[in-house]
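Participant: This is the structure alone, sequence omitted:
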């Protein structure tokens, strides 16, 4: 886990039956944690600032999101079938489980992979044709925990778009098509970027 990230697993288990005592400071660590949990449960899920002048933020608003490039949609002969998608999903789940087991044993090697920019089709063609780099990228995706932060989501979307362009450019090369489809499928179905083709 990177610095600054929070774990979803509790560090200290606090039973639900510890009473929250009002009117005096908590006497134990468990009472304190029970009081903190009680306060958190009483807070609303969403807090909205009152009397906020939103006009000062108007100049910072993004009014249009970049459109998905229609030219990168897969030709019919390049689209994976449902059986292929189920198989890829099953293998990826097993890969994620293996990574989780390795993390538990702390045996993950450090990574030193470098990826091309999102518009470098030739660079991505090299990534795809270099099986070790493609394996590295696959391993990185298998090691990511969900939910992803915005930065990682944007990077995965960039990779998927690059792969879509690569798939279109090399649509008669089965290796490039299959590898591009793999990463597009993972971004779309595993990392829930459903608008990607």
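Facilitator: Structure received. For clarity, every value in this text was computed on a predicted model and none was experimentally measured. Numbering: from 1, shown residues only.

Participant: mind listing the helices for this structure?
Facilitator: In the chain, the helices defined using DSSP state H lie at 29-42, 82-105, 121-129, 131-143, 150-169, 174-185.

Participant: quick one, which of those helices is nearest to residue 193?
Facilitator: Checking the helices of the chain against residue 193 by Cβ to Cβ gives helix 150-169 as the closest, at 5.7 Å. All C-beta spots, glycine's among them, are computed from the backbone N, C-alpha and C.

Participant: circling back to that earlier point, which stretch among the helices of the chain comes nearest residue 52?
Facilitator: Here helix 150-169 is closest among the helices of the chain (Cβ to Cβ), at 22.5 Å.

Participant: ok so, going back, can you check which of the helices of the chain gets nearest to residue 53?
Facilitator: helix 150-169 (25.7 Å).

Participant: what's the average pLDDT for the closest one?
Facilitator: Computed over helix 150-169, the mean pLDDT rounds to 86.

Participant: That one - contacts with which helices or strands?
Facilitator: helix 121-129, helix 174-185 (3 or more Cβ pairs under 8 Å, 6 or more residues apart in numbering; DSSP states H and E).

Participant: now the angle between helix 174-185 and it, please.
Facilitator: 150 degrees (axes from the mean of the first three to the mean of the last three Cα atoms, to 10 degrees).

Participant: which of the helices and strands packed on helix 150-169 sits most buried?
Facilitator: When the helices and strands packed on helix 150-169 are scored by mean count of other Cβ atoms under 10 Å, the highest mean neighbour count falls to helix 174-185 (a mean of 20).

Participant: For residue 131, see how far away the spatially most central residue of the chain is.
Facilitator: The chain has residue 148 as the residue nearest its centroid, 3.6 Å off, counting by Cα atoms, centre = their mean. In this view, residue 148 and residue 131 are 25 Å apart by Cβ to Cβ, to the nearest Å.

Participant: that older thread, what's the closest residue to the residue nearest to the centre of the chain other than its chain neighbours sitting at in phi/psi?
Facilitator: Among residues not flanking residue 148 along the chain, residue 191 sits closest, at 6.4 Å (Cβ to Cβ, 6 or more residues apart in numbering). When read as degrees, to the nearest 10, the backbone of residue 191 gives phi -100, psi 10.

Participant: How about the one 3 residues further on?
Facilitator: As for residue 194, its main-chain torsions (degrees, to the nearest 10) stand at phi -70, psi -20.
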